[in-house]
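Engineer: Okay, predicted coordinates and the sequence, questions at the end:
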Amino acid sequence: MSRPIIELLLKHRNGLSQTRIARELRLLPADSKRLKDRLVRLENRGVIMKLRKKYFAVPSSKFVRGAYSPSRRGYGFIVPQDEFLEDIFIPSRYSGGALRGDIVEVFVKRGRKGRSEGKVTKILKKKRSFLLGIYHKKNQREDFTPLEPDFQEEILLPCEQKIRPDSGMVVAISRDSHHIEKVYGFPEDPGVDTNVIIDKYGLRSDFSSHAQKEAENIPMSFPEHEIKDRVDYRDWTTVTIDGLDAKDFDDAVSIKKTGDGHYCLGVHIADVSYYVQPNTDIDQEAFLRGTSVYFPDSVLPMIPEKLSNVICSLRPGEEKLTVSVLMEFGQEGDLIKSDINLSVIKTKERLTYDTVFRILEGEEEKIKRHSSLVPDLRLMAELASLLGEARRKNGSLDFNLDEPELVYEKETLVRIVPSEHNEAHRIIEEFMVAANVAVAEFLSSEDRPMIFRVHPQPVREKIAGLKKKLSFFNLTLPNPERLTSLDLQQILQNIDGKAFDKYIIKQILRSLELAVYSDQNRGHYGLAKLKYTHFTSPIRRYPDLIVHRILKRACNEEKEDDVPLGTVAKHCSEQERKAEEAERDLLDWRIHRYLRTKLGETLKGVVVEFLRSGLIIQLEDYFVEGFVSFLDLGGDYFYKKSESVLVGKRTGKKFFLGESVDVLLASVDTVKRRIGLSF
């Protein structure tokens, strides 16, 4: 609630009463005390002030402390330590040499567009002590070209170096002394880029010796008496459906049709909490990691591989301990009832998305090979379709954006393709969402403290900007205060299959808040759910493991552990963001290296942004952006005719946001991740 209050008071400079604030924010009378408490807290922190029964935003031109978070384009943001302040935009020229995670002090002022803009004045605490980059030796001169986007110039290294790498190698140097501390090898050497990314983001690649010893001592099978108090689903037809290269199978599904035409869906999740007990060394490692990290050719698992890939993994034909959610759905996909219990299963088969999709498409060879499973798979597809339709009617948002998949042959990257997302993927997605909702509803009904997966409502300012951009494409949205997810869902349906659909989808995504973990329920805007959690992936997500522990205690009517859920949720949200950025960073690096083989070729792109000096073009087939300088467009002066149209003053040449263009790949800088394009 804090951010909407501040934004509202910034808009109304003459101040507003508590009653007027409640009316503007469309709050219910029951929210009055919560609003009053929040106003008092904001006033005590100096963010707002109260004069004659009116509240005012405090004029913003001050110093703020927070963590620095750079973007791939060079600019960054400060996440203030004061939770009531909005993120502060930092232009690349004002980053002051800060790196991701550094605690910095910034001078803040209001920018031209009304948003907070800052300049780093001091680095208070360095997140890491080293810089990553390329070592060059030219005659007697030793230089260092940083891989960090915020460092524009080469660094001259001191002469007295103890380590002497070959020119062109990736190295780490001290941020203070500029002495070489580590040599990784040449960028193209196997594993070098992965190791660099691991160190850049501070990822944990090795488990502690204590955690490894704990894992070694865990028996490969569970004692027979453990089954006694569990529901036995071993004779059910249960399967896993995953990617071809997956090894950590943490979810399995089963389905039956009841006599009255209802669907009985079973979602069975690996009981990781049976093996990973609180306050053990494995648990501590899992918490610190927060999530598994998936690179194109390797994985940094959250728990040791003996657990993730063997003991906990729901491998075919093996008896496994699980937590099962049984859900009964009506003929329209409406949930009638659900039941949650500790269980034991034995999956019949390990299926891949591709195999299931081919069966559903009617491929005879696959149908014959898996004939006993075909009726269940068709029933699953039928139910998933009903669930998806019902979800979308409620305003749930589906973003069909392709992700890059790197294809290798003999350890050489040979092409980049969109990752497949077919009906088989949608079956599992729908079933996992249904199970997560069922668990969230159950724990909420039990009044148990828990970790929610929340997706806050979008900020008015961002929606106003989105509304303006969409108007160029003859797409309309209601005013921000009246917007619902159903309105955005309608836009997504209207643009499906249009040439500019990917551009619009990205604009919508940028206008939305990030989904995070929280011990406070704020609903999930994107899924249009009042209560939502993550329960279905305890092998690779720590919040899911915590939810399993809470769920077990609720089922056994036991008192809760004294776990600081707010702290856990915040940490896991940060680790999730870091893992996603690391995964994307490595993909980008490899894609840029691959594009050097395409120099001089004509590529397809989409105009996604106007800058003062040129155009940003998204390369459609390669999932990265390039830059076209106005200097390469005949020296014409270009000006914005509107937010979405750029016009050349002399030639009348026009560029439109979302426009498809053909561009020539002129240059690729794999160090700075810059791509030069021309027409």
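Structural biologist: Cool, got the structure.
Engineer: Name every strand pairing with the lowest-mean-pLDDT helix or strand in the chain and say which way it goes.
Structural biologist: Ranking every helix and strand in the chain by mean pLDDT, DSSP states H and E puts strand 48-51 at the bottom, with a mean of 76. If you go by DSSP bridges, strand 48-51 pairs up with strand 54-57 (antiparallel).
Engineer: Report the strands that pair with the helix or strand just after the partner strand, each with its relative direction.
Structural biologist: The helix or strand immediately downstream of strand 54-57 is strand 62-70, counting by DSSP states H and E. If you go by DSSP bridges, strand 62-70 pairs up with strand 76-80 (antiparallel), strand 103-110 (antiparallel).
Engineer: Which residue comes closest to L413 once chain neighbours are left out?
Structural biologist: Once flanking residues are discounted, L413 sits nearest to Y594: 5.2 Å by Cβ to Cβ, 6 or more residues apart in numbering. C-betas here are computed from N, CA, C, even on glycine.
Engineer: Just give me the neighbour total for the residue lying closest to K529 once chain neighbours are set aside.
Structural biologist: Residue nearest to K529 in three dimensions, not counting chain neighbours: V437, with 5.9 Å by Cβ to Cβ, 6+ apart. The number of residues packed near V437 is 23, by other Cβ atoms under 10 Å.
Engineer: so which helix or strand takes in V437?
Structural biologist: Per DSSP H and E: helix 423-445 holds V437.
Engineer: ok, residues contacting whichever helix or strand comes after that helix?
Structural biologist: The first helix or strand that comes after helix 423-445 along the chain, using DSSP H and E, is strand 452-454. Applying Cβ atoms under 8 Å, 6 or more residues apart in numbering, the external contacts of strand 452-454 come out as 436, 440, 515-524, 531-534, 543, 569.
Engineer: go on, stretch 429-449?
Structural biologist: 251, 253, 265, 267, 269, 325, 327, 335, 338, 340, 380, 383-384, 387-388, 391, 450, 452-453, 519, 521, 527, 529, 531-536, 547, 550-551, 553-554, 560, 565.
Engineer: in the helix holding V437, what counts as buried?
Structural biologist: Within helix 423-445, the residues that count as buried by 16 or more other Cβ atoms under 10 Å are 424-428, 430-443.
Engineer: Doesn't D544 lie inside a helix?
Structural biologist: Yes - using DSSP: H, G, I helix; E, B strand; the rest coil, the assignment for D544 is a helix.
Engineer: Which residue is the nearest non-sequential neighbour of it?
Structural biologist: P538 (4.2 Å).
Engineer: so which strand or helix has the one you found?
Structural biologist: Here P538, judged by DSSP H and E, is contained in no helix and no strand.
Engineer: Could you do the one 10 residues further on as well?
Structural biologist: In this assignment (DSSP H and E), H548 forms part of helix 542-555.
Engineer: tell me the mean pLDDT for that helix?
Structural biologist: Averaged across helix 542-555, pLDDT comes to 95.
Engineer: from memory S273 sits against L545, does it?
Structural biologist: Yes - with contacts counted by Cβ atoms under 8 Å, S273 reaches L545, the gap being 5.9 Å.
Engineer: any common contacting residues for the two?
Structural biologist: P538.
Engineer: Kindly provide the distance from the residue nearest to K529 to A528.
Structural biologist: 11 Å (Cβ to Cβ, to the nearest Å).
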